[in-house]
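>>> Would you be able to build a 3D model of this:
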Amino acid sequence: MTPRYLRNPGEPVYDVDARSYVDVTDARDETDLHDVFTDIYRTNRWGSDETRSGPGSELQRMKRVIAQLGALIEDLGIRSVLDAPCGDFNWMRYVELHGASYLGGDVVAELVEANRAHHPGPGREFQLLDFTAQPVPRVDLIVCRDALVHFSYQHVVEALTRFRESGSRYLLTTSFSRTSANTDIVTGWWRPINLRLAPFGLPAPLQVIGDDESDDFYDDKALALWDLGQIPARFPGYDPAAAESGSPGT
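A predicted model of the protein is given here:
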């Protein structure tokens, strides 16, 4: 049977792996990122035995990304990385940073404290960070994997704006190239997102890293690299008034 999230993207789904599909039917009104993602972390809502960041962050699925991200960092001469959200640092700790400093940012306070306790290291820091609402540190590379897929249009736009305003060089973030139209959601749900389409309209990425960890589903999922100078200051396809009123998105 086809999981419901594949038939109706934008409906409330927490676990996007069809093999351990969880249908969440309780609609959520929270828009505060701390409340939403702290609840998901505390309850292990995404249902992975390995990581509270969910099945998509399990090591078996991340081998290709781990290797290719390390190569990208070396090729671009990256000296500083912001990983936001960093989650529980399950896979990122295996990426070869080639001497770059690492800052992991997350909105879940107890997760940040756990990372500080369990994953100390030279050139490595963890910071409480809501990158939709707070200034983002300036770095060479921002890695934002599997976050915007869980954000409402409003939070996506706020995150992209904060990233651009940080003065950082590059953004590497999740995008689905064959998604033909974007859908607005309540933050904490899930849907595939194509950042090249309305209401975001980003230009073609500089390059992509394949990230199709969900096997037969969404094999167009990738980590796409943008020069942050390419991120627009305004998003003409986004209507804040419509988002705040709860009007359906594109």
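>>> okay, CA-based contacts and neighbour counts for the rest of this
Noted.
>>> remind me which residues of this structure are low pLDDT?
1-31, 212-216, 241-250 (pLDDT under 70).
>>> Of all residues in it, which one is nearest the centre?
Computing the C-alpha centroid of the chain and ranking residues by CA atoms, centre = their mean puts residue 147 first, at 2.2 Å.
>>> That one and residue 122, how far apart?
26 Å (CA to CA, to the nearest Å).
>>> if we can go back for a sec, and the residue nearest to the centre of the chain, what does it touch?
Contact analysis of residue 147 by CA atoms under 8 Å, 6 or more residues apart in numbering lists 85, 174.
>>> 7 Å instead?
By CA atoms under 7 Å, 6 or more residues apart in numbering, the contact set of residue 147 is residue 85.
>>> And stretch 85-96, what's buried?
Buried residues in stretch 85-96, counted by 16 or more other CA atoms under 10 Å: 85-92, 95-96.
>>> what packs against the top helix by length along the chain?
Using DSSP state H to define each element, the chain has its longest helix at helix 59-76. On a contact count with 3 or more CA pairs under 7 Å, 6 or more residues apart in numbering; DSSP states H and E, helix 59-76 meets no helix or strand.
>>> ok, residues contacting it?
Contacts for helix 59-76 (CA under 7 Å, 6+ apart): 91, 94-98, 209, 211, 213.
>>> residue boundaries of the strands in this protein?
Secondary structure of the chain by DSSP state E: the strands cover 13-15, 22-23, 80-83, 101-106, 124-128, 141-144, 170-176, 207-210, 221-227.
>>> any chance of those in a markdown table, with mean neighbour count and distance to residue 238 too?
What follows is the strands of the chain, written out as a markdown table (neighbours: other CA atoms under 10 Å; distance: least, CA to CA, whole Å):
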| stretch | mean neighbour count | distance to residue 238 |
| --- | --- | --- |
| strand 13-15 | 22 | 23 |
| strand 22-23 | 17 | 29 |
| strand 80-83 | 22 | 26 |
| strand 101-106 | 22 | 26 |
| strand 124-128 | 18 | 28 |
| strand 141-144 | 23 | 21 |
| strand 170-176 | 24 | 18 |
| strand 207-210 | 16 | 25 |
| strand 221-227 | 22 | 20 |
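>>> so which of those strands comes closest to residue 159?
Comparing these against residue 159 with CA to CA, the closest turns out to be strand 141-144 (9.7 Å).
>>> Any buried residues in the longest helix of the chain, and which?
Within helix 59-76, the residues that count as buried by 16+ other CA under 10 Å are 59, 61-62, 65-66, 68-74.
>>> What of stretch 226-238?
Here stretch 226-238 shows 226-228, 231, 238 as buried, counting by 16+ other CA under 10 Å.
>>> Next up, phi/psi of the nearest residue to residue 235 once chain neighbours are set aside, please.
With CA to CA, 6 or more residues apart in numbering as the criterion, residue 235 has its nearest non-adjacent residue at 5.8 Å, and that residue is residue 200. When read as degrees, to the nearest 10, the backbone of residue 200 gives phi -100, psi -50.
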